[in-house]
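Enquirer: Please find the sequence and the predicted model below.
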Amino acid sequence: MHATLPTPSKEEIALLPEFGRLGLDRITLVVSALQAREAAAALADQPVWGFDTESKPTFVKNQVSDGPHTVQLATLNHAWVFQLQDPACRETVAGLLAQATHTKAGFGLGDDTKRIQSKLLVEPAGVLELNAVFRERGYRKDMGVKGAVAVLFAQRFIKSKKAATSNWANPRLTDAQLVYAANDAFAAARVFEALQR
């Protein structure tokens, strides 16, 4: 049995230097069949993808989300934010997520996986819950992306509350939404890589 390792507190994380996020120049918004095919081709030769989804928040009791509205996949230097309005785009994303040959690493993926199953009718394969990796290494509580970035890089991962609770079903996402969504997946890719070292 491992000794339990401490997870940094919010206050400790607040003092750390900022984690370098992807800017809009390294984020591709994918809304069409052609863009989805181009993204799939770019991702094909990368064995590991950072993975996350966003869904429009529900604010009413018993309201069921019809998300995810975006799926994000990232490498160590680029991220793709797939909007799922276009059926052909949805089909490509479903195909990518079903590929067992690629690892999809992320945090808190249980809910994402369930929503993907009901919306895209596909069982995501090769999904790696990074929280589980940290638990195996002796951290007692769920790390989440902020804790993981603090532990591995001694940096502070910035998440905008406003972007988190924004409308992800909007046909036009804002730059802030794109940066938020892309960097969750990008940070997961970076964390996975650091854990392999």
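Expert: Perfect, I can see it now. On a predicted model such as this, the values are computed, not experimentally measured, just so you know.
Enquirer: Show me the shaky parts of the protein.
Expert: Applying pLDDT under 70 to the chain flags the ranges 1-3, 59, 62-64.
Enquirer: how about 80 then?
Expert: The model of the chain has pLDDT under 80 over residues 1-4, 58-66, 140-141.
Enquirer: Pull out the buried positions in stretch 22-32.
Expert: Buried residues in stretch 22-32, defined by neighbour count with 16 or more other CB atoms under 10 Å: 22, 27-31. All C-beta spots, glycine's among them, are computed from the backbone N, C-alpha and C.
Enquirer: What about the residues you listed, which are in strands?
Expert: 27-30 (DSSP state E).
Enquirer: quick one: which of the residues you listed is nearest to residue 86?
Expert: Nearest to residue 86 among those: residue 30, at 9.0 Å, using CB to CB.
Enquirer: picking up where we left off before, distance to residue 142 for the ones in strands among the buried residues of stretch 22-32 - can I get that in CSV?
Expert: Shown next, in CSV, are those (distance: CB to CB, whole Å):
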residue, distance to residue 142
27, 26
28, 30
29, 29
30, 29
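Enquirer: nearest to residue 166, of the residues you listed?
Expert: Nearest member of these to residue 166, counting by CB to CB, is residue 29, at 15.0 Å.
Enquirer: what pairs with that closest one across the strands?
Expert: Beta-bridge partners recorded for residue 29 (DSSP bridges): residue 81.
Enquirer: Same question for residue 106.
Expert: Under the criterion used here (DSSP bridges), residue 106 is bridged to residue 129.
Enquirer: related to what we said a few turns ago, any chance of the buried residues of stretch 22-32 in CSV, with distance to residue 162 too?
Expert: Converted to CSV, the buried residues of stretch 22-32 look like this (distance: CB to CB, whole Å):
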residue, distance to residue 162
22, 19
27, 18
28, 23
29, 19
30, 23
31, 23
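Enquirer: neighbouring strands for the top strand by length along the chain, and are they parallel or not?
Expert: In the chain, taking DSSP E as the definition, the longest strand is strand 48-54. Sheet partners assigned to strand 48-54 using DSSP bridges are listed as strand 70-74 (antiparallel), strand 103-106 (parallel).
Enquirer: burial of residue 116, as a residue count?
Expert: 24 (other CB atoms under 10 Å).
Enquirer: which one is residue 33 nearest to, not counting chain neighbours?
Expert: The shortest distance from residue 33 to any non-neighbouring residue, by CB to CB, 6 or more residues apart in numbering, is to residue 88 (3.4 Å).
Enquirer: A helix includes the one you found, no?
Expert: Yes - assessed with DSSP: H, G, I helix; E, B strand; the rest coil, residue 88 lies in a helix.
Enquirer: is it true that it touches residue 40?
Expert: No - with contact defined as CB atoms under 8 Å, residue 88 does not reach residue 40; the gap is 11.6 Å.
Enquirer: who has more neighbours, these two?
Expert: Between residue 88 and residue 40, counted using other CB under 10 Å, the more crowded position is residue 40 (18 against 13).
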